[in-house]
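> sequence? don't have it. structure:
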């Protein structure tokens, strides 16, 4: 899937709000490229090498040239942009988000420019109750009708009958499975997402195999009543959430699963055993097996971290809340209430479990597993803020001991590898799609640098800091307006 050029009307509006070409560019009369970015330190996310004093030429929505600064003497552009010796990386990918909530359509859409302002130019939507709406957004972004990150989406996920999740395609037998896949075929989804709240293990495995047979990549949770090995052997493409890796560190997972299925042990008790009996050496061996079979992992640490440490972290004054409506954040309440009922022992156990899960990321990297950075941001995931959460996820990787280059790879090229589009995007090379982030400091030294953005190139369009700030200011204003509208509507309903 290729993104199309941002519509001229949208880009012109951005330019008029404070993104005028500088004096040097205005003096050039012959046009060869749309934009030349010069005085840049270009990071190769595959090798970690930095090309200093580099030039990047953009033409349409592609990278037309990457070379030494001497090229400035012979190549011209409509617009010249001084990168001021800052660091250029590919646009960031968030490989696990959810745009969800039938009453949150505008809330989600208003956040699309925020993703761009945070340097996130591509996201993978792991299904929701807004499946068809997200597919429409995907196409509108690709056509340039709206500004936002390129979207890959599963549409709606496969689940069992009477699942707790809203908007699933619920299946109870082979016919219903095939009907669901026929529907997703018609919707032209980008991959298949499967969870197992009520989906029985045998049908889950059948679903993975059937999806693969149709040519889809399959991203999945691991059913409580199935082993990791069963799902991997069925051909799953990625496991969503690193918490499932704890199962690979105990010698008797199959025995525990059999006891769960027989009603001899509760899944909650098994979860405790996954921590207390965890064997790192055994887990490392099994991670190598995952890598050999090409199974990727999206750890999504940030959600677990926020909940485990809810007693320590006061989110009352979180700056990002200025972009989130009251209705959006109201969905945080159920988890906050549940976490508030924990005993001190349960709180400590949650923190220990989170730390064990986080510590697995360097081991997964060393084993050769394709690790993809994803936030799991969604209205239902408490304090996992859209856009911001990806950057927080990257810092958690670093805290866990992952090297900055590996973290950059997880947030750029690894997603492109997984989606099969590495040849057209996610590195800074000629003929690649022009999605870039220019950072004020070197992310190979400290990954926090991804949060200090100087400029963004989204689909070939250069957005300076002042334009990014305007996008953020607009999002904050839209949040206020939507809150006021809903409050007024509610008041009218009460009077009626």
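It's in. Bear in mind the structure is a predicted one, so any value in this text is a computation, not a measurement.
> how many other residues sit next to the residue lying closest to residue 309 once chain neighbours are set aside?
Distances taken as C-beta to C-beta, 6 or more residues apart in numbering place residue 351 nearest to residue 309, at 6.6 Å, with adjacent residues excluded. (C-beta placed from N, C-alpha, C; glycine too.) By the criterion of other C-beta atoms under 10 Å, residue 351 has 16 neighbours.
> was I right about residue 351 contacting residue 307?
No - assessed by C-beta atoms under 8 Å, residue 351 is found out of contact with residue 307, at 10.0 Å.
> what residues does the closest residue to residue 250 other than its chain neighbours make contact with?
Leaving out its chain neighbours, the residue that sits closest to residue 250 by C-beta to C-beta, 6+ apart is residue 277, at 4.7 Å. Shown in contact with residue 277 (C-beta atoms under 8 Å, 6 or more residues apart in numbering): 249-252.
> do the same with residue 420
residue 217.
> quick one: it from residue 134, how far?
Distance check for residue 420 against residue 134: by C-beta to C-beta, to the nearest Å, it reads 20 Å.
> repeat for residue 274
33 Å.
> and for residue 202, the neighbour number?
Residue 202 has 12 neighbours, counted by other C-beta under 10 Å.
> could you say which helix or strand contains it?
If you go by DSSP states H and E, residue 202 is part of helix 201-213.
> off-centre distance for that helix?
How far helix 201-213 lies from its chain's middle: 25 Å, per C-alpha atoms, centre = their mean, to the nearest Å.
> quick revisit: and the residue nearest to residue 250, backbone torsions?
phi -110, psi 20 (degrees, to the nearest 10).
> what's the pLDDT at it?
Predicted confidence (pLDDT) for residue 277: 95.
> helix, strand, or coil at the residue lying closest to residue 315 once chain neighbours are set aside?
Among residues not flanking residue 315 along the chain, residue 383 sits closest, at 5.2 Å (C-beta to C-beta, 6+ apart). Of the three states, residue 383 takes coil according to DSSP: H, G, I helix; E, B strand; the rest coil.
> and residue 65, that's in a helix?
No - according to three-state DSSP, residue 65 belongs to no helix; its state is strand.
> now for it, how many residues are close by?
When neighbours are counted by other C-beta under 10 Å, residue 65 comes out with 16.
> quick one, what contacts it?
Counting by C-beta under 8 Å, 6+ apart, residue 65 touches 33, 55-57, 71, 75, 430.
> how many residues are close by the nearest residue to residue 189 once chain neighbours are set aside?
Residue nearest to residue 189 in three dimensions, not counting chain neighbours: residue 155, with 4.2 Å by C-beta to C-beta, 6+ apart. Using other C-beta under 10 Å, residue 155 is surrounded by 26 other residues.
> what residues of the host helix or strand of residue 269 count as buried?
If you go by DSSP H and E, residue 269 is part of helix 267-276. Neighbour counts over helix 267-276 (16 or more other C-beta atoms under 10 Å) mark 270-271, 273-275 as buried.
> average pLDDT for the lengthiest helix in the chain?
Criterion DSSP state H: the longest helix present in the chain is helix 465-495. Average pLDDT, helix 465-495: 90.
> quick check: buried residues in that helix?
Neighbour-count burial for helix 465-495 [16+ other C-beta under 10 Å]: 465, 467-468, 470-472, 474-476, 478-479, 482.
> check stretch 350-361 too.
In stretch 350-361, counting by 16+ other C-beta under 10 Å, buried: 350-351, 353-354, 356-358, 360-361.
> so which elements touch the helix holding residue 202?
helix 174-187, strand 192-194, strand 218-220, helix 228-234 (3 or more C-beta pairs under 8 Å, 6 or more residues apart in numbering; DSSP states H and E).
> for residue 260, find the nearest of those.
Using C-beta to C-beta as the measure, helix 228-234 is the one of those that comes nearest residue 260, at 13.4 Å.
> in the closest one, what's buried?
Applying 16+ other C-beta under 10 Å to helix 228-234 flags 228-232, 234 as buried.
> now do the helices in the stretch 201-350 of the chain.
Taking DSSP state H, counting those that start in this stretch, the helices of the stretch 201-350 of the chain run over residues 201-213, 228-234, 253-261, 267-276, 280-292, 301-308, 326-330, 333-339, 344-358.
> worst mean pLDDT among the ones you listed?
Among those, helix 333-339 scores lowest, at a mean of 87.
> what residues sit buried inside that one?
Buried residues in helix 333-339 (16+ other C-beta under 10 Å): 335, 339.
> kindly report the same for stretch 242-251.
Quick answer for stretch 242-251 (16+ other C-beta under 10 Å): 242-250.
> stretch 316-324 now?
For stretch 316-324, by 16+ other C-beta under 10 Å, it's 320-321, 323-324.
> just those now: which is nearest residue 80?
Proximity to residue 80 was ranked across these by C-beta to C-beta; first place goes to residue 323, at 32.4 Å.
> which neighbouring elements make contact with the helix or strand hosting residue 462?
Assigned by DSSP H and E, residue 462 falls within strand 461-464. Applying 3+ C-beta pairs under 8 Å, 6+ apart, one finds that strand 461-464 makes contact with helix 8-16, strand 77-90, strand 453-458.
> quick check: angle from the helix or strand just after the second one to strand 453-458?
Using DSSP H and E, the helix or strand that follows strand 77-90 in sequence is strand 92-97. Taking axes from the mean of the first three to the mean of the last three C-alpha atoms, to 10 degrees, one finds that strand 92-97 is oriented at 70 degrees with respect to strand 453-458.
> centre of the chain to strand 92-97, how far?
The answer for strand 92-97 is 2 Å, by C-alpha atoms, centre = their mean.
> can you name the next helix or strand after it?
Downstream of strand 92-97, the first helix or strand assigned by DSSP H and E is helix 105-109.
> flag every buried residue along stretch 90-106.
Buried residues in stretch 90-106, counted by 16+ other C-beta under 10 Å: 90-101, 104.
> pull the contacting residues for the residue nearest the centre of the chain.
Relative to the mean C-alpha position of the chain, the nearest C-alpha, by C-alpha atoms, centre = their mean, is the one of residue 94, at 1.9 Å. Counting by C-beta under 8 Å, 6+ apart, residue 94 makes contact with 115, 120, 122-124, 149, 373-375, 377, 387, 389-390, 411.
> tell me how far the residue nearest to residue 93 when sequence neighbours are not counted lies from residue 287.
What sits nearest to residue 93 in space, not counting adjacent residues and going by C-beta to C-beta, 6+ apart, is residue 415, at 3.7 Å. Separation of residue 415 from residue 287 (C-beta to C-beta): 20 Å.
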